[in-house]
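1. Need coordinates for the following:
(2 chains)
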Amino acid sequence: MSGFALVLIVGTIGIANNPDAERLAEQAEAEFRAALAAPASSAEARSHFQTAAKHYQALAARGSPSAALYRNFGNAALLAGDLPEAILAYQQGLQRAPNDLGLRTGLAAARAQVIYREESPLGRPMDELRPPWVPTIPLRGKLFLGIAIYTLSWFALVRWRMVRRRGYRWGALAGLVVVALLGVAIGWDLSAMAEERRHPLVVIADDGVLLRKGNGLRYPRAFETPLNRGVEARALVRRGDWLQIQLSAGEIGWVPRRYVLEAGPPASSSSS
Amino acid sequence: MYWVPSSRALGWVMNCLVILSVSGFFLPQGRAEEEPPLAGRPPNFSGAVGSYRVSMRATPTEVTAEEPIVLTVRIEGEGSLTHLSRPDLRRLPSFARKFQITNAGERSLPKDQAREFDYELRPRSASVREIPPLPFVYFKPGFTPPSRGFQTTLAPEIALKVRPRSVVSATEIQSPSPPAQLPDAVYELAPVSAVLRPEPESWMFSPGGWLAALLLPPALSLAWLWGWRQWYPDAARLAQRQRSRAAVQALAALDRLPKPADPAAVEGIVTRYLRDRFSLSLAEPTPEEVVAHLCGTGVPVECASTAAPFLQACARQRFAPQAEPGLHLPSLARRLILDLEDRPCPASPSC
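-> Numbering: from 1, shown residues only, chains lettered A, B, ... in the order given. Purely as a prediction, here's the structure:
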């Protein structure tokens, strides 16, 4: 905890000592508010939203962006009509705060604007198995919970050793079982994080993009249905100007990199 | 008689011969090539020596982006075409930027003194408007200096109409209804302080953090256990020997008895202990019954026999008109319980 407090203090000092970032954030907010004051759906409003989105993007590029920053960025991009950027921003924010209602709402609104061909499931996001009312426990929460239960289990074990009451023994055993399950869940989360780093999220940035079977136009199409802006995928392999992606249902194909919005560290490269 | 030319005539003939040889008149027919000079050779020189014309034709000229166009480059001329190499369109930025280029077939047309090379071009986007002019550099002999013989001819551009890739139109979307209004949350902003708050690095992910998380709870627990043993040695001794909860409860009950302790209460505590610990089923057992039962459960006789004096003392205290001085039943009860708990293993001889 002391480490966490120290970072908060340093972060706060960092804010005070980083007037550029503060100015940029205030400019972004001012642009957003100006857009809201402008006539709805007008070019003026859109222009202000675009400027606000650019400022938020510049802030995110400075490092250690927060979930709140991504939420504002996503909102500005969505209202500016930049669907791929909005979806990517919301998803990056949800990686940091999975239970943020604003991010979830924004992402749902953005996904609703993605156009899919009626008879084709290609590119559609998979339905979540977890009901929306079930909260996601972030990794840090699982770690704290696991450590707390682990500690209590040890205390119960020692107390059982002292007084020989069965309740303490069963409590300790139950606690260790819960810790083991939490350990599995934490391992799963860490594995998912590693997978996210290896295969970061990408969003199709243009309409009518075709998946091909290879990294070149000479390769035939992998699917006849083109993908429109906003379709989400994972980056697998990069070769030159082409990127192999995997859609949410598992379909794999190659697209030119200029049609894709990428986030995070690049995917693994191989020579062409 | 023989005609002998005069020296003047001979001189004239010699001069003509020199002039003709210098001009190349005596060179073999058809060998119109001479080696092009290295000096001044353009980097995109095709290697062709002679006089050439280049032209292009494309099919189709109206395509969708990324769909193929077959481009045929025709080179014809009076020079040698046999050693002519295929023009490399991929090395021309004006082509490579706009098209994905794949070499296709080629043909030799000796009757027309021409060669044709086919290419498959795929426009990279709908912004491509034409196939750009194709330069062809060849060397034409006869120039002085020879480096001026490098000539460039252009095949004129070909206009194209490139349609954008097919998109899923709005009429093909799943729901014909217009998109829903954006929720209010999209119009809200997080405050600047929240936006600028950096993500804290988690100490828990460091090796030191993991180690502390794993080792600190057992360390604290063991420290607690050690301290408890120091403060409560009897209970600790019992616990150390993994003795029963009944004994611990009985000892605790003895501690809670008011002073002076009621003999009946002390006897009741010991009886309850014997019931819980050794399954004594009698409600008010006599000392002999208790000893017999203990022996029956495997308690050594020297341990079991200590129960009888205690119970007799309890009976005396309860029913005697006056309490015996110096007789402290709770201590005796405690001693009995500890002795029964401290007994050796059941392998010892019993009654």
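
2. so after the longest strand anywhere in chain A, what's the next helix or strand?
-> The longest strand of chain A (DSSP state E) is strand A:232-239. Next helix or strand after strand A:232-239 toward the C-terminus (DSSP states H and E): strand A:242-247.

3. roughly how far is that following strand from the heart of the chain?
-> Distance of strand A:242-247 from the chain centroid (CA atoms, centre = their mean, to the nearest Å) equals 18 Å.

4. ditto for stretch A:214-221
-> That offset, for stretch A:214-221, works out to 30 Å (CA atoms, centre = their mean).

5. Extract the C-alpha trace of the longest strand of chain A and format it as PDB.
-> Taking Å, rounded to 0.1, in the frame of the first residue of the first chain, the C-alpha atoms of strand A:232-239 are listed here in PDB:
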ATOM      1  CA  GLU A 232     -12.600  -5.400 -34.100                       C
ATOM      2  CA  ALA A 233      -9.900  -7.900 -34.500                       C
ATOM      3  CA  ARG A 234      -6.500  -9.100 -33.100                       C
ATOM      4  CA  ALA A 235      -3.200  -8.500 -34.800                       C
ATOM      5  CA  LEU A 236      -1.300 -11.800 -35.400                       C
ATOM      6  CA  VAL A 237       1.600 -11.300 -37.700                       C
ATOM      7  CA  ARG A 238       3.000  -8.300 -39.600                       C
ATOM      8  CA  ARG A 239       4.700  -8.600 -42.900                       C
END
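
6. Give the partner strands of it in its sheet and their orientations.
-> strand A:201-204 (antiparallel), strand A:242-247 (antiparallel), strand A:268-269 (parallel) (DSSP bridges).

7. which stretch in those is the model least sure about?
-> Mean pLDDT is lowest for strand A:268-269 among the strands paired with strand A:232-239, at a mean of 40.

8. Report the rounded mean pLDDT for the longest strand of chain A.
-> According to the model, strand A:232-239 has a mean pLDDT of 93.

9. neighbours of residue 66, just the number please.
-> Assuming you mean chain A. Residues contacting residue A:66 under the criterion other CB atoms under 10 Å in any protein chain shown number 23. All C-beta atoms are positioned from the backbone trio N, CA, C, and that covers glycine.

10. The chain in question should be chain B.
-> 19.

11. Then the one 4 residues further on?
-> Using other CB under 10 Å, residue B:70 is surrounded by 14 other residues.

12. does it sit in a helix, a strand or a coil?
-> Here residue B:70 is recorded as strand under DSSP: H, G, I helix; E, B strand; the rest coil.

13. Let me see the confidence value for residue A:172.
-> Per the predicted model, pLDDT is 92 at residue A:172.

14. where's residue B:265, which helix or strand?
-> Going by DSSP H and E, residue B:265 is in helix B:263-278.

15. which other residues reach that helix?
-> If you take CB atoms under 8 Å, 6 or more residues apart in numbering or on different chains as the criterion, helix B:263-278 is touched by B:244-247, B:249-250, B:253-254, B:257, B:280-281, B:284-285, B:290, B:293-294, B:297, B:299, B:307, B:310-311, B:314-315, B:317-318, B:329-330, B:333, B:336-337, B:340.

16. Just the buried positions in it, please.
-> For helix B:263-278, the neighbour count (16 or more other CB atoms under 10 Å in any protein chain shown) marks B:263, B:265-267, B:269-271, B:273-274, B:277-278 as buried.

17. Looking at these, spot the one nearest residue B:206.
-> Residue B:206 has its nearest neighbour among these in residue B:277, at 50.3 Å by CB to CB.

18. what about the chain, any weak spots by pLDDT?
-> As the question left the chain open, I've gone with chain A. Chain A contains residues with pLDDT under 70 at A:1-18, A:118, A:127-132, A:264-272.

19. actually chain B
-> Looking along chain B with the criterion set at pLDDT under 70, you get B:1-5, B:16-34, B:166-180, B:199-205, B:235-244, B:323, B:343-351.

20. Quickly check: the helix ranked longest in it near chain A or not.
-> Longest helix in chain B by number of residues (criterion: DSSP state H): helix B:207-231. Yes: for helix B:207-231, a contact with chain A is found by CB under 8 Å from any CB of the partner chain, at B:209, B:213, B:216-218, B:220-222, B:224-225, B:228.

21. cool, and stretch B:147-160?
-> No: Stretch B:147-160 does not reach chain A (CB under 8 Å from any CB); its nearest approach is 15.7 Å.

22. orientation of the helix of greatest length in chain A relative to strand A:232-239 in degrees?
-> Ranked by residue count under DSSP H, the longest helix found in chain A is helix A:166-198. Between helix A:166-198 and strand A:232-239, the angle comes out at 50 degrees (axes from the mean of the first three to the mean of the last three CA atoms, to 10 degrees).

23. tell me which strands and helices helix A:166-198 is in contact with?
-> On a contact count with 3 or more CB pairs under 8 Å, 6 or more residues apart in numbering or on different chains; DSSP states H and E, helix A:166-198 meets helix A:139-163.

24. Okay, buried residues for the helix it packs on please.
-> A:139, A:142-143, A:145-147, A:149-163.

25. same question, stretch B:315-326
-> residue B:317.

26. Name the residues that touch it?
-> B:260, B:263-264, B:267, B:313, B:327, B:329.

27. Stretch B:87-94 too?
-> Contacts of stretch B:87-94 (CB under 8 Å, 6+ apart): B:44, B:46, B:73, B:75, B:95-96, B:99, B:101, B:117, B:119, B:121, B:132, B:134-136.

28. Filtering the residues you listed by proximity to chain A, which remain?
-> Within the contacts of stretch B:87-94, nothing lies near chain A by CB under 8 Å from any CB.

29. Just the ones in helices from these, please.
-> Per DSSP H, these map to helices at B:95-96.

30. picking up where we left off before, can you tell me which of the residues of helix B:207-231 next to chain A comes closest to residue A:106?
-> residue B:209 (33.2 Å).
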